[in-house]
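In: with the input below, show me the fold.
(chains A and B)
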There are 2 protein chains.
Amino acid sequence: MTTLSTRLLSATYLCQLHFPLEQQKSTTPAAPASAAPAASAASAADPASELLAQIGEQSTKVRGLKSNKADKAVIQEEVAALLELKAKYKDLTGEDPAPTNASKKNFKRSAAAKTQDQKFQLKNPKGMRDYGPEKMAVRELVFKRIVEVFKRHGAVTIDTPVMELKETLTGKYGEDSKLIYDLADQGGELLALRYDLTVPFARYVAMNSIKQIKRYHIARVYRRDQPSVTTGRYREFYQCDIDIAGQFNGKMMPDAECVKIVTEVLDGLKLGDYVVKVNNRKLLDGIFAVCGVPEASFRAICSAVDKLDKQPWNEVKAEMVDEKGLPAESADRIGEYVQLRAGTGANFSMPNADLIARLKSIEELYANPMAKEGIDEMEKLLDYCRMMNCEHRVSFDCSLARGLDYYTGVIYEAVFVGKRVGSVAGGGRYDNLVGMFDAKGRKVPCVGVSLGVERLFTIMEEQAKEAGETFRETATQVLVASGQGMDKERLRYCTRLWEAQIGAVTSFKLKPRLLDQFQQCETEQIPLCLVLGPDELERGVVKLRVMSTREEIEVPDAEMEAVVRAKLAEL
Amino acid sequence: MTTLSTRLLSATYLCQLHFPLEQQKSTTPAAPASAAPAASAASAADPASELLAQIGEQSTKVRGLKSNKADKAVIQEEVAALLELKAKYKDLTGEDPAPTNASKKNFKRSAAAKTQDQKFQLKNPKGMRDYGPEKMAVRELVFKRIVEVFKRHGAVTIDTPVMELKETLTGKYGEDSKLIYDLADQGGELLALRYDLTVPFARYVAMNSIKQIKRYHIARVYRRDQPSVTTGRYREFYQCDIDIAGQFNGKMMPDAECVKIVTEVLDGLKLGDYVVKVNNRKLLDGIFAVCGVPEASFRAICSAVDKLDKQPWNEVKAEMVDEKGLPAESADRIGEYVQLRAGTGANFSMPNADLIARLKSIEELYANPMAKEGIDEMEKLLDYCRMMNCEHRVSFDCSLARGLDYYTGVIYEAVFVGKRVGSVAGGGRYDNLVGMFDAKGRKVPCVGVSLGVERLFTIMEEQAKEAGETFRETATQVLVASGQGMDKERLRYCTRLWEAQIGAVTSFKLKPRLLDQFQQCETEQIPLCLVLGPDELERGVVKLRVMSTREEIEVPDAEMEAVVRAKLAEL
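Out: Here you go, the predicted model:
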């Protein structure tokens, strides 16, 4: 949309260069209406400017209360309101609100500094962010645990370019295609940043004529979505996918292994109780057919069902009937089916196996070939899950529909019980996507699951925060200190430790203070401090301090590495 | 340029939509000349088309020889010539040459297949590639070793978005700025893909007001360069940087630690003999000053010196004199200085310390404050390197200049001895870059080094190929097999292994053949095969086969995990 309007604008502009003024007047009004929104974005009446004005007013109010030393509770209330306005602004624009002139602390800064300010904005692209060392520590831990599970299941890994030919992505994401990031046409191919890892995987399988593969891929994907800090929606984020491609007659085996993998990951991360919802597109299509939905409307009705986890049934029904023209009676029949859900434990009124039996007993449904295939597949899937000790995590939920068009069989979605974070894993079977990339349309059936790692990071961070825990950013085991300078000696001892595969640092100050060096050990959670002194060196010893106990021992110089290693093993 | 011409083309096209036919005629010839190159790219006279024609002729020749059963040596020679032409084509275009009609094996394919072919090109963006499982195995190994070194030195890691505001990158890379990938302006900010990791790091340090940090960053960067398969130049490639930011009075300590880190990485990878060349921009500037180069020409002359590793002195001198207007006498004097190089071993005529002494003894030079500072810094650097057991790897080389403008002190470059792969690490001190991002111009001095990991991957792959070694793509330890179907039992035993943290796979076939399963163990280097049979299960035992020795043992079912673990430990 926006690309188009920009192009039209330049077209109009360029036309003006070629024609005399009178013609311009007649052509300018012909400029397409779609160009208008771009211009109005900067107008003072837009929501962002309004919010800015409100933020300004609220800031003035808070300052007034503070300077009048008003009641603390009153101030806190108004500060909360201010922060809410600021969060709204950030949600809307992806940026922190710039301080208004009135609220600027250093209002009278030098003109020089102001000019420098205007030279450029020091910020990240909208909806993107840096990961600092602590966030990276969380991320590394989560990835490590996930990759361990993937490898245990015999998966290989691949990597694909961050961009794909635009046409590779075209026609794969339905209406979400508008969120694809295009690259500037710099006289070459039309390129776009990858939107997910599934389409690049299908392209890779087709391009390399791969017949079967179990692969994982951890990489960032790009969506030009409206970012939201409160819901954690970013324009650049990690996906973590495992997919199994290949034609197998034990067809539900890979489908069940995907469920098992999700449970191993979530169990391993210990983030709380969760459920893996499963359903089957074939069953859904069978239900739609039996309820009188015309085949052409299957996907539209399916996407309405997909909203059941966020909307009540009557709203979903209204969408089916009023927007999508389904007879109310058909909608009601669908409504009965999609309320069927099963699982283990107090939240469920029937076990998965009972739901299978119940669906089989509905003659009209089981007589439908699609529904029958779906039900039989689900039975097999649940059987295999039982063999893999994970059926107790599985909920057969007929309301699960998934948004994407390309699923053709089993679909999954994992959610934490009692946490409002949305799904933390999702996927399903897509048997036709690879064929879309093959010149002869040869299909390679696939099934896979994508872990919502960004949400897993957030949950881990929150849990650690609640427990008052921090994630260590470094792996340093020893700080080599000295109270007397000794820069060369400190480097020499660091080198001995490095060569013994022990993590070590020393201050880059020529004469660091001993207390500062101990402090650094505390701050960075470095367990040991090796203290060098001229006297000790002369006597052929070094002093080793265990930070947690403040114990200090003298170690013969030649035994330094061994003693450090022994102490580290003790801790 | 091309972007503009494309826009102009669409402008013309769009204009046509708005004006009657007669006007079109008069406007079409007015289409700007800059649009012409885009059109001529498809003409038959361009080098790519010529190469294609040659490839076609050569293919015909080879086919003729083959069908006439010509002498093998003759055929081989002509095939070699054909492959060379194809490689040239790929270098030029980044693509494999499409088979000409005459050379198409399946010339008479169905019309339907042809239409599908034309639907889209199944390829990667120009100059980009997928990494398959084996390449990823090499990459993982190299990264693991590198990260171990970085962590041992107490570094944290960060990540930054793959894109930056265009203005963040502007004015940092000199004439290489033309290689920056721009994103399409989709009605928001002007964005570009990162060109390296140094500028994003400086932006990160400034934006977060960081005073000191030792961080590593491993990520892909983007350059819209002419790709070359033969030299391994891609448009998307990994960089692997470690940088130390902060104001320290033991200033050469971090500079020397960077050298130490490079030697630890290269020693650890065991890829052969190498040298870390070091020099100092301050010394170079001092030399230029002493030799009569005007200060305004320092960077230009420096970039001429930088070419000394690829060009002989007389060519470099010609550039200085003829292109950059330096008096021949000045150039000659520079020539004497930049031929000074020192180091350990047979390749060097003097040790590093002697070069320091020699430079100090040149009164005119040492009297220059810049030169003096540079020489003193180098002396300190070499001292620290000696403390860290890595001076024997270091060569103080006055011809080392480095291309980038932003270096302000020590510079490095690591090269393998006797390998023509170019440098495998490079870096230096850049004290002013962070200040460019700070509104008040506050500087944070930095020093860092970037490892050329893509070249390291290539060398590792070549060495493995020569040694006939392969890299294992998976971590699977056990294949759970059966000769009788037993799909559920196989999954059950896999699950027991997974739960015991042991990597296991099983076939997704309902009735896999035992021989195929053994074959899979061989192919994928899976060391153990657990063979299930109905008789054995009834007797409460399983059979474990050690693939390397073909030894088969019966294991009591309850001891399965323990025995597997013991066998794995033995192997």
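
In: show the contacting residues for residue A:481.
Out: By Cβ atoms under 8 Å, 6 or more residues apart in numbering or on different chains, residue A:481 lies in contact with A:490, A:506-507, A:512, A:514, A:517-518, A:529-532. (Glycine included, C-beta is placed from N, CA and C.)

In: for PyMOL, what selects the buried ones among those residues?
Out: A single PyMOL command selects the buried members of the contacts of residue A:481 (16 or more other Cβ atoms under 10 Å in any protein chain shown):
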select buried, chain A and resi 490+506+507+512+517+518+529+530+531+532
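
In: what is the burial count for the residue in the stretch 201-350 of chain A positioned nearest to chain B?
Out: Scanning the stretch 201-350 of chain A for the residue nearest chain B gives residue A:248, at 3.6 Å (criterion: Cβ to the nearest Cβ). When neighbours are defined as other Cβ atoms under 10 Å in any protein chain shown, residue A:248 has 18 of them.

In: what is the burial count for residue A:411?
Out: 27.

In: for it, which non-adjacent residue is closest in space?
Out: With sequence-adjacent residues excluded and distances taken as Cβ to Cβ, 6 or more residues apart in numbering or on different chains, residue A:411 is closest to residue A:428, at 3.6 Å.

In: next helix or strand past the helix or strand hosting that neighbour?
Out: Element membership for residue A:428 (DSSP states H and E) is strand A:423-430. Of the helices and strands lying after strand A:423-430 in sequence (DSSP H and E), the nearest is strand A:446-451.

In: dump that following strand to CSV, restricted to CA.
Out: These are the backbone C-alpha positions of strand A:446-451, laid out as CSV (Å, rounded to 0.1, in the frame of the first residue of the first chain):
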residue,chain,number,x,y,z
CYS,A,446,6.1,-31.6,6.2
VAL,A,447,5.2,-31.2,9.8
GLY,A,448,6.8,-28.8,12.2
VAL,A,449,6.5,-26.6,15.2
SER,A,450,7.7,-23.1,16.0
LEU,A,451,8.6,-22.2,19.5
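
In: among the contacts of residue A:481, which two are most distant?
Out: Using Cβ to Cβ, the pair of the contacts of residue A:481 lying farthest apart is A:490 and A:518, separated by 14.8 Å.

In: center of chain A, which residue is that?
Out: With distances taken as Cα atoms, centre = their mean, residue A:454 lies nearest the centre of chain A, 3.2 Å away.

In: and it, what does it touch?
Out: Residue A:454 is in contact with A:232, A:234, A:237-238, counting by Cβ under 8 Å, 6+ apart.

In: mind doing that once more with 10 Å?
Out: By Cβ atoms under 10 Å, 6 or more residues apart in numbering or on different chains, the residues touching residue A:454 are A:139, A:142, A:220, A:232-234, A:237-240, A:421, A:424.

In: and the next helix or strand past the helix or strand it falls within?
Out: Secondary structure from DSSP H and E places residue A:454 in helix A:453-466. Where DSSP H and E defines the elements, the next helix or strand beyond helix A:453-466 is strand A:478-482.

In: partners of that following strand, with directions?
Out: Next to strand A:478-482 in the sheet, as set by DSSP bridges, lie strand A:504-506 (parallel), strand A:528-532 (parallel).
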